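[1] missing the sequence, but the structure's below:
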């Protein structure tokens, strides 16, 4: 038994063939109206555009302070990770990156006092120069610094 589905009359419409001359029924302005931005080629309505009316995003009051523009993200490194390096070796950001302990060379690192450190190592931290003054780019926590110096390690800035 075969079923034939037949669409009711008026269910489908002929495709509007724009720009195909006056005989198409859409000649002249090609259904775009007279002049204006929407009649021109390359026009696309921007997101949030409401026909010249003040958009909703500008009507709603803005409140509070957002710190996202000024937030400084650090890559955290535990002291325990420094046990993977040999005794009295120089540990810089490049060594941490090549061994896979940090993800990026562009972001600053912060060494935290998590875990035990058995090997004394020399840590080389980066700094930035602004107007003949130097500011630390990478950081080390107070507890981590004390523990490192206690077992004989050193902190240097490059």
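    Alright, I've got the coordinates. Predicted, not measured: the structure shown is a model, and the values here were computed from it.
[2] need the longest helix for the chain.
    Looking across the chain with DSSP state H, the single longest helix is helix 142-150.
[3] next secondary structure after that one?
    strand 154-157 (DSSP states H and E).
[4] which of the residues in that following strand are buried?
    For strand 154-157, the neighbour count (16 or more other C-beta atoms under 10 Å) marks residue 155 as buried. (C-beta placed from N, C-alpha, C; glycine too.)
[5] rewinding a little: buried ones in the longest helix of the chain?
    Here helix 142-150 shows 144, 145, 147, 148 as buried, counting by 16+ other C-beta under 10 Å.
[6] export these as CSV, with columns for pLDDT.
    Formatted as CSV, these follow (pLDDT from 0 to 100):
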residue, pLDDT
144, 94
145, 93
147, 93
148, 93
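[7] if I look at residue 56, how far off is residue 12?
    For residue 56, the distance to residue 12 equals 37 Å [C-beta to C-beta, to the nearest Å].
[8] right, I mislabeled it, should have said residue 72
    60 Å.
[9] same thing with residue 158?
    73 Å.
[10] so where do the helices sit in this structure?
    Under DSSP H, the chain gives helices at 56-59, 93-98, 142-150.
[11] quick one: closest of these to residue 116.
    Proximity to residue 116 (C-beta to C-beta) singles out helix 142-150 among those, at 8.5 Å.
[12] what residues does the closest one touch?
    Where contact means C-beta atoms under 8 Å, 6 or more residues apart in numbering, the residues beyond helix 142-150 that reach it are 79, 111, 112, 113, 117, 120, 121, 123, 140, 154, 155.
[13] and those residues, which of them are buried?
    79, 111, 112, 113, 117, 120, 121, 123, 140, 155.
[14] quick one, what contacts the fourth one?
    With C-beta under 8 Å, 6+ apart as the criterion, the residues that contact residue 113 are 79, 141, 142, 143, 144, 147.
[15] what is the burial count for the residue lying closest to residue 28 once chain neighbours are set aside?
    Nearest non-adjacent residue to residue 28, counting by C-beta to C-beta, 6 or more residues apart in numbering: residue 22, 6.8 Å away. Neighbourhood size, residue 22 [other C-beta atoms under 10 Å]: 8.
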